[in-house]
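> here is a sequence with its predicted model. Questions after.
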Amino acid sequence: MNGKRTGSMAARWWASIVLVCMSLPALAQTSRPTIDWTALSAEQQTVLSRFEQTWADLPAERQNNLARGAERWLAMSPDERSAAQQRFRNWQSLAPERRARILERYRAWRELPESDRQRMRENFQRFRDLSPERRQELRERFQRLTPEQRQRLRDQVRSRRQRDRN
């Protein structure tokens, strides 16, 4: 095989792996009809080629997730694809227990009301806007707290949040 073809096959293989990873969290919980392989665009079929033989056996939800993932992959720039591949390699290198904890936290995040998620995004952005020195200082202060002090701090934040809602 020539180098260009090997590179292309490797890119498709990585694209398939990334798409499988991206399809893990079932983002849409509604049932959808299955997708016939021939209904996929030629580009989607190329990206999803490793699924061609088993496509008809995949659940409709998985087919839909993979098709959407292929569209996202095709819309990415080469740099974005490279970054996605690196994130997938990092994900794969995590211990199974760590991946399970991350998925559990992700599911909990998805169950939060949108208003809470938005508030958390805003708080995170405010933290990111702080100087690196101030962020490090806050991290160190939090790490020095005892578990009881951390819990009291969390309780205070929850109380403040409740007051703000009312």
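Received the coordinates, thanks.
> measure the residue nearest to residue 145 when sequence neighbours are not counted to residue 144 for me?
Among residues not flanking residue 145 along the chain, residue 153 sits closest, at 6.8 Å (Cβ to Cβ, 6 or more residues apart in numbering). All C-beta spots, glycine's among them, are computed from the backbone N, C-alpha and C. According to Cβ to Cβ, to the nearest Å, residue 153 and residue 144 sit 12 Å apart.
> of the two, who's got more company?
residue 153 (12 against 8; other Cβ atoms under 10 Å).
> contact partners of the helix or strand where the more buried one lies?
For residue 153, the host element (DSSP states H and E) is helix 147-165. The contact list for helix 147-165 (Cβ atoms under 8 Å, 6 or more residues apart in numbering) reads 119, 142, 145.
> now it - C-alpha only, PDB.
In PDB, the C-alpha atoms belonging to helix 147-165 read as follows (Å, rounded to 0.1, in the frame of the first residue of the first chain):
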ATOM      1  CA  PRO A 147     -13.600  17.700  54.500                       C
ATOM      2  CA  GLU A 148     -16.000  19.200  57.100                       C
ATOM      3  CA  GLN A 149     -15.000  22.800  56.100                       C
ATOM      4  CA  ARG A 150     -15.500  21.900  52.400                       C
ATOM      5  CA  GLN A 151     -18.900  20.600  53.200                       C
ATOM      6  CA  ARG A 152     -19.900  23.700  55.100                       C
ATOM      7  CA  LEU A 153     -18.700  25.800  52.200                       C
ATOM      8  CA  ARG A 154     -20.800  23.800  49.800                       C
ATOM      9  CA  ASP A 155     -23.800  24.100  52.100                       C
ATOM     10  CA  GLN A 156     -23.400  27.900  52.300                       C
ATOM     11  CA  VAL A 157     -23.200  28.100  48.500                       C
ATOM     12  CA  ARG A 158     -26.400  26.000  48.200                       C
ATOM     13  CA  SER A 159     -28.200  28.200  50.800                       C
ATOM     14  CA  ARG A 160     -27.100  31.300  49.000                       C
ATOM     15  CA  ARG A 161     -28.400  29.800  45.700                       C
ATOM     16  CA  GLN A 162     -31.700  29.000  47.300                       C
ATOM     17  CA  ARG A 163     -32.100  32.600  48.700                       C
ATOM     18  CA  ASP A 164     -31.200  34.000  45.200                       C
ATOM     19  CA  ARG A 165     -33.900  31.800  43.600                       C
END
